[in-house]
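Peer 1: Structure for the following, please:
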Amino acid sequence: AHDHHAALFAAAYSEGDAISITGVPFIFDQVTLNREEGYDNTTGIFTCPIQGVYSFVYSSFPGKGTATSVSLVKNNVEVSSIYSDLSEGNTQFSERTVLIFLAEGDKVCVQLKKGSVLRQAAYLNFHGYRVSD
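Peer 2: The predicted model follows:
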C-alpha cells in the first residue's frame, strides 16, 4: 500500500539566462523533493505514479515588458495558464495552483507558450502532490 500523499515533488530553476523557447517542457535543475520519483529532472516531466487528484503549483516571471504565457500541460494538452502583458520595463511574479485528476502514467509539465521568462532567484518553480484518490 502507498502512503496517501507519497507522490510529491518540488523543483525550481536556478538563476540563468531567460527562457524563450516555446512548446517544450521546462527542465527544472533544482529538485528538492521527489518522493515516488515521479518528476524526471532530465525531461522536466512529472509522470503520475499513483492515480488520484493532484495539486500542482507553477509560476511565471515574465521578461520585462513582454506578453508572456506559461502553461501547465497534461498529456500534451494545456489545462491551465498564467498570462501576463505588462508595460515596458515592468515584470511581475505570478503563481497558480491547479487541481487535476491523473491516471497512472499521465504526464504533466510546464511550458512557455509565448514570450519569455526570467530565471532570477529561483522564481520559476513546479511543485505537485497527490491530494486524494
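Peer 1: May I have the beta-bridge partners of Phe56?
Peer 2: Counting by DSSP bridges, Phe56 forms beta bridges with Val98, Gly128.
Peer 1: where along the protein do the strands fall?
Peer 2: All strands of the chain, identified by DSSP state E, fall at 8-12, 16-19, 30-35, 39-40, 45-47, 52-60, 67-74, 77-85, 94-102, 107-114, 117-119, 125-132.
Peer 1: orientation of the third one relative to strand 8-12 in degrees?
Peer 2: In this case it means strand 30-35. Inter-element angle recorded for strand 30-35 and strand 8-12: 180 degrees (by axes from the mean of the first three to the mean of the last three C-alpha atoms, to 10 degrees).
Peer 1: Val73: neighbour count?
Peer 2: Neighbour count for Val73, taken as other C-beta atoms under 10 Å: 19. C-beta here means a position set from N, CA and C on the backbone, and glycine is covered the same way.
Peer 1: For it, which residues are in contact?
Peer 2: Contact analysis of Val73 by C-beta atoms under 8 Å, 6 or more residues apart in numbering lists Pro25, Val79, Val108, Cys109, Val110, Gln111.
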